[in-house]
Every structure is written in C-alpha cells, then in structure tokens.
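Chemist: what follows is a protein structure lacking sequence information:
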C-alpha cells in the first residue's frame, strides 16, 4: 500500500510534469501570437505591393494605348509633311520655270530695245505725216521712193515697239505669276512649319511616355517581386503557425490524458485506502482534494 509520503512525492512529480506541459503550451501560445502578428504584417505588406503592382500594370497599359495613338498621330503628321514638301517642290519648280521665262523675256526685250532708234509716239506721228504726204501730194518717183523707204523704216520701228509692248505685257503677267507663286510658297512653308511643330510635340510626348512606360514596367516588376518575397515569408510563418498549433493541440491532449491518468491513479489509491480502513474498522480522513475527486466520480 502506498503511504502518505509516497503519494505526496508522486503528486509533486505529477504537478511538476503538469506545470511543464502548461508552460510549454503557454510558450507556444505566445509564439503563435507573435507569429500571427508577423504573418499579418507580411500579408498586409504583400497586399500593398500587389496593389501597387496592379496599379503600375494599369498605368503601363494606359501608356501603351497612348503611345499607339501618338504614333498614329505622328504618322499622320509625317504624311502631311510629305504632302506639303511635294507641294513645295512643285511650286518651286513652277517658280524656277517662271523665272526662266522672265529672264528670256528680259533678254528679248533688251535686244528689241537696242534696235529702237525713235520713240513710239514720234514714230507714230511721223508715220501718219508721211502717209498723208504720199496720199495728198504729187511726188516724183524719187521722192516717192524715199518716202516709202522712210515709211518702211518707221513701220519697222513701230513693229519693234509693238513687240516690246507685248513682251512688257508678258513680263507683267509673269511678275504677277511669280508673286503668286512666292505667296503660295510662303503659305506652304508656314503650314509646313506648323505641322513640324506639332510633330515635334508628338515626338517629345512619345519620348516622355516611352520613358515612363519603361519605368512603370520596371517598378511593376519590382513590386511583384516584393509581393512574392513578402508572400513567401508570410506562407513560411503560416506553416510555422500551423505546426505550432498542431504541437499545442497535441500537448493539450497529452495534458488532458496526463490529468486523467493521474486522477485515475489517485482515485485508485483513495479507494484502496478506504477499503483497507474499512477492513480494519477504522475511518479514513479524506483531504479536500480526495473528497472532490470522489464527488466528481459519483462515489460519495
């Protein structure tokens, strides 16, 4: 039979074992709380990086669309520039041709003027006077011959003046055509400069948005990498939490089993002592714990 001292020793040992289990369970509880805090912090960090990555991807998608539009607009402007250049080249060819014609007319005019020996008005007046003399005065053959020669000479001068007038008229028309071409060339140049300015703006915007697109894609990649890193760390902590919870459940189950075994041993000892006391006709004085134990089992 187990005496009182032995029961106390076993009780003390059981208490120590029970306290050890409880301390380990409590330690695991603290560890689980700390791990959960770390995991939640990492999950929040991962969520933040994920949102940033998604935002950057959306920005990159928008930038790509804007770049496509800008390239299309730049292409249209380049086509306009080609058209204006073609028009400008055509106008310049026409201007060169008009200037060539002008120079030829000036040369002809210069040559004709060199042949003029009498002003037009005087030539016309003398021509009329000579015709009148021939028609109204009786002339000798020699006088008539001389007058006819003078008339022919005046006719030649008048013909020169007529040709000069025609060339001067052509030069005036040519001058107006040259001025019109110059004005057209000036307008086309202004339009060309305006389109070039718009094209430069588009190309500048293309460079800026292309640079920002590269930055956004790089930042998105970094954000997703940081999200992955944080998520991996959070998952590792979660596995540790699961392991700790599993360990804690096992310890709690072991503690309950340990308590049941100790209660069963204690109950067995008390019942045995009561039986011995009964056989000897003695009364067994129960401790408060022994009384509670018997009460819990419905034995008293």
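Modeler: Right, received. Where do you want to start? These figures come from a predicted structure and were not determined experimentally.
Chemist: so where's the stretch 51-200 of the chain uncertain?
Modeler: For the stretch 51-200 of the chain, the stretches flagged by pLDDT under 70 are 134, 139, 144.
Chemist: pull the distance from stretch 167-176 to the chain's centre.
Modeler: Relative to its chain's centre, stretch 167-176 lies at 59 Å (CA atoms, centre = their mean, to the nearest Å).
Chemist: how about residue 157: what's its closest non-neighbour residue?
Modeler: The shortest distance from residue 157 to any non-neighbouring residue, by CB to CB, 6 or more residues apart in numbering, is to residue 123 (4.5 Å). Just so you know, the C-beta spots here come from the backbone N, C-alpha and C atoms, and that holds for glycine as well.
Chemist: surely that neighbour and residue 156 touch.
Modeler: No: in this structure residue 123 lies outside contact range of residue 156 using CB atoms under 8 Å: 9.3 Å.
Chemist: point me to the helix or strand that includes residue 247.
Modeler: Following DSSP states H and E, one finds residue 247 within helix 141-279.
Chemist: what's that helix packed up against?
Modeler: Secondary-structure packing of helix 141-279 (3 or more CB pairs under 8 Å, 6 or more residues apart in numbering; DSSP states H and E): helix 4-115, helix 120-136, helix 288-296.
Chemist: save those helices as CSV, and put in distance to residue 200 and mean neighbour count too.
Modeler: Formatted as CSV, these follow (distance: least, CB to CB, whole Å; neighbours: other CB atoms under 10 Å):
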stretch, distance to residue 200, mean neighbour count
helix 4-115, 10, 14
helix 120-136, 59, 13
helix 288-296, 94, 13
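Chemist: enumerate every residue touching residue 22.
Modeler: Contact partners of residue 22, counting by CB atoms under 8 Å, 6 or more residues apart in numbering, are residue 255.
Chemist: roughly how far apart are it and residue 249?
Modeler: Separation of residue 22 from residue 249 (CB to CB, to the nearest Å): 14 Å.
Chemist: and residue 240, by the same measure?
Modeler: 15 Å.
Chemist: ok, the two, which is more surrounded?
Modeler: More crowded of residue 240 and residue 249, by other CB atoms under 10 Å: residue 240, with 15 against 12.
Chemist: the more buried one contacts residue 34, doesn't it?
Modeler: No: here residue 240 does not reach residue 34: they are 10.2 Å apart, not a contact under CB under 8 Å.
Chemist: got the buried residues for stretch 138-156?
Modeler: For stretch 138-156, the neighbour count (16 or more other CB atoms under 10 Å) marks 147, 150, 151, 153, 154 as buried.
Chemist: which one of those is nearest residue 84?
Modeler: The closest of the buried residues of stretch 138-156 to residue 84 turns out to be residue 154 (CB to CB; 55.4 Å).
Chemist: look up how far residue 248 lies from the nearest residue to the closest one once chain neighbours are set aside.
Modeler: Closest residue to residue 154 in three dimensions, ignoring its sequence neighbours and counting by CB to CB, 6+ apart: residue 127, at 4.4 Å. Noted for residue 127: a distance of 137 Å to residue 248, by CB to CB.
Chemist: over to residue 216?
Modeler: Distance from residue 216 to residue 248, by CB to CB: 46 Å.
Chemist: so for these two, which sits in the more crowded spot?
Modeler: Per other CB under 10 Å, whichever of residue 216 and residue 248 has more neighbours is residue 216, with 21 against 18.
Chemist: ok, that one touching residue 56?
Modeler: Yes: contact criterion CB under 8 Å: residue 216 and residue 56 qualify, at 5.0 Å.
Chemist: got any ranges where the stretch 201-300 of the chain has weak pLDDT?
Modeler: For the stretch 201-300 of the chain, counting by pLDDT under 70, the residues that fall below are 263-300.
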